[in-house]
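Q: Need coordinates for the below:
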Amino acid sequence: MDQTEKAFQKQDAVFVGSKRLLGKKSSKRSMRYWRNVGLSFATPKEAKEGNFVDKKCPFTGNVSIRGKILKGMVISTKMKRTIIIRRNYLHYIKKFNRFE
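A: Have a look, this model is predicted:
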């Protein structure tokens, strides 16, 4: 894991402080928590093999996908771990009895 933040970055589901056993070779591959979120979404390769830590990621964090799946165009990715999506939809105007 690359430690670039001020706080120590680790996944909640992975225990970091395990002791070495004598006579056992430790593997270079670190433990990584990832899961299948369902709803016909494939888990990305970066989530399985990457080294990022994000508690708000549905594949590697503690966030569940619920409700509706949104479709739209990404407008901005300036915020950290957040995007702004533009969605096109019709709005009903009662006075004129129509959608715009």
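
Q: only C-alpha atoms for contact and neighbour calcs from this point on.
A: Will do.

Q: And the strands in this structure, which stretches?
A: Assigned strands in the chain, in chain order: 73-76, 84-86, 92-93, 98-99 (criterion: DSSP state E).

Q: Name the nearest residue to the most centrally placed residue in the chain, ignoring sequence neighbours.
A: Among the residues of the chain, C57 comes closest to the average C-alpha position under Cα atoms, centre = their mean, at 1.7 Å. Residue nearest to C57 in three dimensions, not counting chain neighbours: V63, with 6.3 Å by Cα to Cα, 6 or more residues apart in numbering.

Q: thinking again about what came up before, highest mean neighbour count out of the strands of the chain?
A: strand 84-86 (a mean of 13; mean count of other Cα atoms under 10 Å).

Q: so what does it touch, helix or strand wise?
A: Taking 3 or more Cα pairs under 8 Å, 6 or more residues apart in numbering; DSSP states H and E as contact, the helices and strands that strand 84-86 lies on are strand 73-76.

Q: And the strand it packs on, how far out from the chain middle?
A: On the basis of Cα atoms, centre = their mean, to the nearest Å, the separation between the geometric centre of strand 73-76 and that of its chain is 17 Å.

Q: Return the list of helices and strands in contact with that strand.
A: Helices and strands touching strand 73-76, by 3+ Cα pairs under 8 Å, 6+ apart, are strand 84-86.
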